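Visitor: Requesting a structural model of the entry that follows:
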Amino acid sequence: FSYKLNVSFSILSQILVEKAALREGHVKIYFILNSAPLMHHSELDKAAELKLKHSPNIALDISRLPWFRTTTIFCSSGSGRPSLDEHLLGMARSLCVEMENTPIALLNNLQSISNNFQEVKYFPISGSVQHQPASLDFRALCGLLDSLGLPFSIYYACRVLFGDSYSLLDALNSSSEQLDNFLDTVQEEAREDCGQNLESLEKCLYHLKTLCKDMAIAAVNVYDEFTKLLGNRNLLEDSGNCFSKSSTDYVLIRRAVLTPATLVLQPPIPLLKSRFSTMANTDYAIRLTILEDNNRKLNNGGAGKHKMETDFVQGVIRSHLLEGVKVGDRLYEFLGSSSSQMREHGVILYAKDGQGRMAQQIRDLAGDLSAFKRNVAKYVARFGLMFSQVNKNTDVALAASTPTHNLLLLLLLLLLFLCRQWPSFPSCPRRR
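Guide: Residues are numbered from 1 along each chain as shown. You can find the predicted model right below:
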């Protein structure tokens, strides 16, 4: 197989160039990404394989090969097993490109081309940088969080904290004690049998995610920042940036973004109340949006696309909609969507709640919609009414009337009367 990465300017956050290597002609360029790049693969035909086997150093023209989307790099032995971490493409937001005998003009062109998109920085590297494989990947992290026995709200907040990229996990995992201290502190804070303490801990984890969102190189002590947030949790609650779960006008609903490369859990957002929020428990619901890896809408390209491209898109969606999304001890199943959510490629998933109700039981509460099941558009429109949000009404007192206001109102009515009677006025004779 041959692979290529498509990195657009829209997903670039920073470009870092190692200064020490500039004088030697061996340049290392680090691309810091906001989202995962698009990866394509192409399989060589038998003639190209024989040509490459006899002449390994020959340059093949790969521009004419058919390229198809993929998210996995398979073993070269042909066993069909992935050779790398399956979450590496979606969560590794740094790319290192090494080039030999690189002219300075190329770097100057890189600076001029990317001037309007991102920042190019030249930084010194002191000593030799030892690249060590990560000792804890995403699958091992989820197993570690499962073993802690955390409440679901705290478990979900930890998944949000670590589930975007490997940068924060690498920052904590750089020191063996830092990650252990962090998890021990979270477990100790979650043991206190107090709902208010759990809510404040959840807010601290979400706020830590916001602080570390733009951290390209983990040069700060994440555990120290977390302990500072725990010490100032009262100030965090009084800042007004976090919505309370006890609000009477809004409900909090968790959300997630599904891309071909990964599933990104996000903090809950406040939404106005609806029929769905009154008949179901929104704590067991999640709003799923399906996007491309570059945060654009995911589509199969329409007619004329290769069948492998269509199968790739359907493979991303079908398994999660039919089998559900597993988060901790909850399995979120497909519930439905409204017409506006469908246009945004969004759906609502629901897990088994405290009353034993699943997605099918909540769907039955919407009423008998069997007459519309043959018409998908009408069924989605009818079922989507339960997600329609209700705007809050505000009573505005009438201003006290004054003689000036009454006079202006009288003049306005008189002007309207004259405008309506204008066609019936006798025309004036013209002067010669």
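Visitor: Could you list the low-pLDDT ranges of the stretch 251-400 of the chain?
Guide: Where the stretch 251-400 of the chain drops to pLDDT under 70, the residues are 300-308, 390-400.
Visitor: change it to 80
Guide: Scanning the stretch 251-400 of the chain for pLDDT under 80 picks out the ranges 294-295, 298-310, 313, 315-316, 373, 388-400.
Visitor: what about the strands in it?
Guide: 263-272, 285-290, 325-327, 330-336, 346-350 (DSSP state E, counting those that start in this stretch).
Visitor: Out of these, flag the one nearest Ser174.
Guide: Smallest distance to Ser174 across the strands of the stretch 251-400 of the chain (CB to CB): 23.0 Å, for strand 263-272. C-beta here means a position set from N, CA and C on the backbone, and glycine is covered the same way.
Visitor: Partner strands of the closest one and their direction?
Guide: strand 250-258 (antiparallel) (DSSP bridges).
Visitor: contacting residues around stretch 174-194?
Guide: Stretch 174-194 is contacted from outside by 136, 144, 148-151, 154, 158, 169, 172-173, 197-198, 201, 205, 218, 221-223, 226-227, 230, using CB atoms under 8 Å, 6 or more residues apart in numbering.
Visitor: Just the CA atoms of that stretch, as PDB, please.
Guide: Presented in PDB, the C-alpha positions along stretch 174-194 are these (Å, rounded to 0.1, in the frame of the first residue of the first chain):
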ATOM      1  CA  SER A 174       6.000  12.900  30.700                       C
ATOM      2  CA  SER A 175       6.400  12.300  34.500                       C
ATOM      3  CA  SER A 176       5.400   9.000  36.000                       C
ATOM      4  CA  GLU A 177       4.100  10.800  39.200                       C
ATOM      5  CA  GLN A 178       2.100  13.500  37.400                       C
ATOM      6  CA  LEU A 179      -0.500  11.200  35.800                       C
ATOM      7  CA  ASP A 180      -0.800   9.100  38.900                       C
ATOM      8  CA  ASN A 181      -1.300  12.200  41.100                       C
ATOM      9  CA  PHE A 182      -3.800  13.600  38.800                       C
ATOM     10  CA  LEU A 183      -6.000  10.400  38.700                       C
ATOM     11  CA  ASP A 184      -5.600   9.900  42.400                       C
ATOM     12  CA  THR A 185      -6.800  13.500  43.100                       C
ATOM     13  CA  VAL A 186      -9.800  13.100  40.700                       C
ATOM     14  CA  GLN A 187     -10.700   9.800  42.400                       C
ATOM     15  CA  GLU A 188     -10.400  11.300  45.900                       C
ATOM     16  CA  GLU A 189     -12.500  14.300  45.000                       C
ATOM     17  CA  ALA A 190     -15.200  12.100  43.400                       C
ATOM     18  CA  ARG A 191     -15.500   9.900  46.500                       C
ATOM     19  CA  GLU A 192     -17.000  12.700  48.600                       C
ATOM     20  CA  ASP A 193     -20.700  12.000  48.700                       C
ATOM     21  CA  CYS A 194     -21.900  15.500  47.700                       C
END
